[in-house]
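Novice: below is the sequence, then the predicted model.
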Amino acid sequence: MIKINNLSVRYGDFYALNHITLEIPRGTWTCLVGPNGAGKTTFLKTLLGNKAYDGSITIDGLEVYKNLRNVAFVPQRPEIPAGMDVAEYVMLGRARLDGWGRESKKSRQFVHTILEETQLLGLQHQLVTQLSGGEMQRVLIARALVQEPEIMILDEPTSALDLHHQISTLNQIDRLKDSGTTIISTMHDITLGAMYAERIIVMHKGQVLLDGPSNEVIHSPELKKAFDNGISIFTLDSGRPVIVASRELPAP
Amino acid sequence: MQTQEMGRIWHWRTTVFVGILLAFILLLGVSFGPISLDFTKIIRTLFGFSGGLKDEERTLLLELRLPRVLLAALVGAALATSGAVYQTVFRNPLADPYLLGAAAGAGLGATLAFTGSNKTFYAALPLFAFLGAVLAVAATFLISGKAFSDPATLLLSGIAIGSFATAVQTYLQQRNSQVLRPVYSWILGQLTVADWNVVKWASIYIVLALFILIRMSRLLDGLLLSDEEAFSLGISPNKIRIIAIAAATLATATAVSASGLIGFVGIVVPHLVRGLTKRATNRALFTVALTGAGFLVLADLGARTLLSPAELPIGVITAFVGAPFLLFVLRAKRVMK
């Protein structure tokens, strides 16, 4: 259980996160949506515990700040190291479990399995600097998966992926959730987010604007407000909602 | 597919090869000079077999050449490893061990020792240089703010401290023009002072520092990622940076105080290893240390023999050979891409 109480993060006078209070139960998938600059990424990075904040964030009763927990992080813009191949890079995900620089036989087998599942087998000797954006994204997710994390934090995990890999990646994360890992992600594609996450939190200017089960949030008129009425929501005959950007921009 | 193919982190074959090469270079180093010594006789003498060198040659080997070659190896290993570590910590391929003001601080310390004009001060030159280097790096840390928020700030503070120390040093030199020559020759680097005493204390600090750095070398892989990623993988990047810089500074300050400023080793050797293996140097720190040792022993050999019986400052050799060599490696790397 993650408990967030009165959480604020400031950059000077600017509140990137403004007094947020919420709880995230174990083994659930929560998706953060909202316009650029709403504070989604700041929220994710603060959850990691490497960033100073006001208020409190506890995981199972322990404050996260400077507390090294097994929380995997898939950043939107990773720092891509020179001179490291895919297998070594993914192996870094086992560092916490094996001890840094050591690799157990079990880890090697596990990395092999994950590379197979993420369809990266064959690329393992490629240097990470030579990968395409989509391949790098999958490598990052593979590294997070081999961590066997208690919580997995993903910042736009599907943004660089083609449609096929979007679905296979999200299915994989979904399986991880079923095994008890808590998933917290941001996603610009709200439709896709609602297909997987059971809960959607809409953020706006550092605050929580809407918070509830995906189906309710996605049909709520408040959702449009978060995007300054720049989106249209349709419901297909199957009952599935589709959210797209409106052609006409609202008057400023 | 075999799981073994998942990739060993570092190929020990490379390290063993470099180690054997280094042993050969060390032998070359003690053998050549104004008086050449026979290879087999050297080995026999060192391992205490009969049929070794005669008395005078024996003294030459044990009291002059051997400490000098060992000191060159130690200093080379220290500078090369520190350079590789600094390059990782600052994410800057041009970072070298003198970056945080260690060189300028040591220079100022040495100048102070020389201007003391007192023989007791003169003998304390290594101590002054050592303290100068350590104090300059400490000052760099202090002015960059608490526990340094980012490497760029630290780098800029290093430049500021370095400039300040150099200014003070120049002022002192102008006031005491008799020290110009010794300070200048010290800045160019020299291994002529090597005796067993120097080797002994230098080896204590350098081996300790290198042991720490090589032990933590894999943690340095985490510094190649963003800080959030490193943290999520289980390391605190700032803690690692502070330990790495402290150990690298200890090695650098010791090297500087033992042999003056020997430039270029800290840049050329890590790039050489990186260029040849196409790998990040962190996992290869031990290989970098061995390569650095070999590089400086060879450079010292050149310094002793090229203008024999006169001696060239070793810094001249490292730059003279190192600069074109570095360009060659960088160019070859670009062509391969």
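Specialist: Sure thing, it's come through. Numbering: from 1, shown residues only, chains lettered A, B, ... in the order given.

Novice: so in chain B, where's the weakest helix or strand by average pLDDT?
Specialist: Among the helices and strands of chain B, helix B:119-123 carries the lowest confidence by mean pLDDT, DSSP states H and E, at a mean of 59.

Novice: helix or strand right after it?
Specialist: Of the helices and strands lying after helix B:119-123 in sequence (DSSP states H and E), the nearest is helix B:125-143.

Novice: pLDDT on the next helix or strand after that following helix, on average?
Specialist: Next helix or strand after helix B:125-143 toward the C-terminus (DSSP H and E): helix B:151-175. Average pLDDT, helix B:151-175: 87.

Novice: before we move on, what about stretch B:312-327?
Specialist: The pLDDT scores in stretch B:312-327 average 83.

Novice: cool, stretch A:210-221 as well?
Specialist: Rounded mean pLDDT across stretch A:210-221 is 88.

Novice: same check on stretch B:26-40?
Specialist: pLDDT averaged over stretch B:26-40 gives 85.

Novice: again, but for stretch B:190-200
Specialist: Per-region confidence: stretch B:190-200 scores 80 on mean pLDDT.

Novice: okay, that stretch in CSV with CA atoms only?
Specialist: This file holds the C-alpha atoms of stretch B:190-200, laid out as CSV (Å, rounded to 0.1, in the frame of the first residue of the first chain):
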residue,chain,number,x,y,z
GLN,B,190,60.1,13.9,-13.2
LEU,B,191,60.9,10.5,-11.8
THR,B,192,64.5,11.1,-11.0
VAL,B,193,63.8,11.4,-7.3
ALA,B,194,62.6,7.8,-7.1
ASP,B,195,64.1,5.8,-4.3
TRP,B,196,62.7,2.9,-2.3
ASN,B,197,61.3,5.3,0.3
VAL,B,198,59.2,7.2,-2.2
VAL,B,199,58.1,3.9,-3.8
LYS,B,200,57.0,2.6,-0.4
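
Novice: quick one: low-confidence residue ranges for chain B.
Specialist: B:1-11, B:117-123, B:145-150, B:281, B:333-337 (pLDDT under 70).

Novice: now the residue in chain A that chain B sits nearest to. Nearest residue, chain neighbours left out?
Specialist: Nearest residue of chain A to chain B: residue A:101, at 2.9 Å (CB to the nearest CB). Placement of C-beta: from N, CA and C, glycine included. Among residues not flanking residue A:101 along the chain, residue B:218 sits closest, at 2.9 Å (CB to CB, 6 or more residues apart in numbering or on different chains).

Novice: residues near that neighbour, how many?
Specialist: 20 (other CB atoms under 10 Å in any protein chain shown).

Novice: make sure residue B:16 is indeed in a helix.
Specialist: Yes: assessed by DSSP: H, G, I helix; E, B strand; the rest coil, residue B:16 belongs to a helix.

Novice: that one - how many residues pack around it?
Specialist: Taking other CB under 10 Å as the neighbour definition, residue B:16 ends up with a count of 12.

Novice: what about it, distance to residue B:286?
Specialist: 11 Å (CB to CB, to the nearest Å).

Novice: report the contact partners of whatever residue of chain B ends up closest to chain A.
Specialist: Going by CB to the nearest CB, chain A is nearest to residue B:218 of chain B, at 2.9 Å. Contact analysis of residue B:218 by CB atoms under 8 Å, 6 or more residues apart in numbering or on different chains lists A:95, A:100, A:101, B:9, B:282, B:283.

Novice: between these, which has the most around it?
Specialist: If you rank the contacts of residue B:218 by neighbour count (other CB under 10 Å), residue B:282 sits at the top with 28 neighbours.

Novice: contact partners for that residue?
Specialist: B:84, B:88, B:217, B:218, B:220, B:221, B:224.

Novice: next, format those as a markdown table and append secondary structure.
Specialist: Output for the contacts of residue B:282, formatted as a markdown table (three-state DSSP):
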| residue | secondary structure |
| --- | --- |
| B:84 | helix |
| B:88 | helix |
| B:217 | coil |
| B:218 | coil |
| B:220 | helix |
| B:221 | helix |
| B:224 | coil |
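
Novice: just put the residues you listed in TSV and tack on distance to residue A:41.
Specialist: Formatted as TSV, the contacts of residue B:282 follow (distance: CB to CB, whole Å):
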residue	distance to residue A:41
B:84	33
B:88	26
B:217	32
B:218	29
B:220	27
B:221	24
B:224	21
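
Novice: and these, which is closest to residue A:200?
Specialist: Nearest to residue A:200 out of these is residue B:224 (CB to CB; 34.9 Å).

Novice: tell me the contacts of residue B:199?
Specialist: Residue B:199 touches B:67, B:70, B:71, B:74, counting by CB under 8 Å, 6+ apart.

Novice: let's see 10 Å
Specialist: Residues near residue B:199 by CB atoms under 10 Å, 6 or more residues apart in numbering or on different chains: B:66, B:67, B:68, B:69, B:70, B:71, B:73, B:74, B:258.

Novice: not counting sequence-adjacent ones, nearest residue to it?
Specialist: residue B:67 (4.8 Å).
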